[in-house]
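1. generate coordinates for the sequence data below:
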Amino acid sequence: MIPLFAQTTPSPAAVASFVNVVEVAAWLAVAFAAVVVAWRQMTGKSEETRISPSPLEVKQHARLAKWEELETVKAEAHGRISRERKEIDAAIVRVEQQQRALGLRIDDDLREIRDAMQANNEAAEKRVERINARLDNLNTVVTDLPGRIVGLIDGAKHL
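-> Residues are numbered from 1 along each chain as shown. From the prediction side, this is the model:
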């Protein structure tokens, strides 16, 4: 046995026995690897470790478009864009017309509300004037009442 932290060098016999042990271990590892490889070959497990082909398919490129076809597609796209632009403009005009019509209706409704409020205010002012006239009449009657009562009492004394 070789001491771990020995200050002395090991003997040549100890080194030779250590080399023999390492050599035997290496031979055993190689033999084990050979058995594993043979086993995999016999059971078919070696194919599992092979790189399988890519899942992507390689296809031949499509034919190239001709200039006339591109011009046709461009014309169709521009036609569709101009049709849709016209539809959008028509929708905008319809919305603006509806907005103007609603604005006129709102203005008419506001005018009617203002007229109704003015009529209510005038009727309320007339009622206030009538109530004030009645109150003035009542005030006159109540103010004259003590004098009339005193006159009646004086007139009753002479009876």
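
2. break this protein down into its domains, please.
-> Using automatic domain parsing, the domains assigned to the chain come out as 1-45, 79-147.

3. any idea which of those domains gets closest to Ala65?
-> domain 79-147 (18.7 Å; C-beta to C-beta). (Glycine included, C-beta is placed from N, CA and C.)

4. now do the lowest-mean-pLDDT helix or strand in the chain: distance to the chain's middle.
-> Least confident helix or strand, the chain: helix 12-43 with a mean of 82, by mean pLDDT, DSSP states H and E. What separates the centre of helix 12-43 from the centre of its chain is 68 Å, taken as C-alpha atoms, centre = their mean, to the nearest Å.

5. what strand or helix carries Leu138?
-> Element membership for Leu138, per DSSP states H and E: helix 67-157.

6. Ile81 versus the residue nearest the centre of the chain, what's the distance?
-> When the chain is reduced to its mean C-alpha position, the closest residue under C-alpha atoms, centre = their mean turns out to be Ile88, at 25.7 Å. Distance of Ile88 to Ile81, given as C-beta to C-beta, to the nearest Å: 10 Å.

7. just the pLDDT at Leu135, thanks.
-> The model reports Leu135 with a pLDDT of 93.

8. same question, Leu56
-> For Leu56, the pLDDT comes out at 69.

9. burial of Arg40, as a residue count?
-> Neighbourhood size, Arg40 [other C-beta atoms under 10 Å]: 14.

10. what of Val73?
-> 11.

11. hang on, the earlier thing: which one of the domains of the chain lies nearest to Leu70?
-> Within those, the stretch nearest Leu70 is domain 79-147; the backing value is 14.9 Å (C-beta to C-beta).
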